[in-house]
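Chemist: coordinates only, sequence not included:
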């Protein structure tokens with residue numbers, strides 16, 4: 001069992017930045033891939049970024065590439081999502097998730113999920 005807890009969400013103006021954190025506890029974290037997903041009201045959950053256990057394999061959605069950076073600190077059992085140049089369309093609840101094996105862009109591939117943190121970008 002792995003527990004995930006997101007933090008760092010909030011309200012920011014367009015063009016601003018936020019850094020999300022996801023702290024993991026429970027079963028081994030360092031061998032797991034981690035992903036960030038987001039869900040806006042009335043929309044399906046969508047992939048944002050993912051990283052493998054060593055940090056050498058990283059995927060981004062086209063919509064966030066060049067603006068968001070995923071990273072992890074296995075010593076702290078934490079994964080981060082640095083979000084820069086935020087846009088109103090980035091407004092969503094952001095979730096972190098983990099799975100054994102490599103990173104994936106598919107929500108269904110992930111086993112454990114956090115509760116989410118709200119990010120609101122005003123225009």
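Modeler: Noted; the coordinates are in hand. Every value quoted in this text rests on a predicted model; they were computed, and no experiment measured them.
Chemist: check contacts around residue 42.
Modeler: With Cβ atoms under 8 Å, 6 or more residues apart in numbering as the criterion, no residue contacts residue 42. (C-beta placed from N, C-alpha, C; glycine too.)
Chemist: again with residue 105
Modeler: Neighbours of residue 105 in contact, by Cβ under 8 Å, 6+ apart: 35, 47, 50, 59, 61.
Chemist: what's the distance between it and residue 36?
Modeler: Distance, residue 105 to residue 36, using Cβ to Cβ, to the nearest Å: 11 Å.
Chemist: need the overlap of contacts for these two.
Modeler: The contact lists of residue 105 and residue 36 share residue 50, where a contact means Cβ under 8 Å, 6+ apart.
Chemist: okay, and the most centrally placed residue in the chain sits in which element?
Modeler: Centroid-nearest residue in the chain: residue 36, 2.3 Å away (criterion: Cα atoms, centre = their mean). Following DSSP states H and E, one finds residue 36 within strand 32-39.
Chemist: give me the contacts around that strand.
Modeler: By Cβ under 8 Å, 6+ apart, strand 32-39 touches 2, 20, 22, 24, 45-53, 68, 70, 72, 79, 81, 90, 92-105, 107, 110, 116, 119.
Chemist: give the buried residues for that strand.
Modeler: For strand 32-39, burial by neighbour count (16 or more other Cβ atoms under 10 Å) applies to 32, 33, 34, 35, 36, 37, 38.
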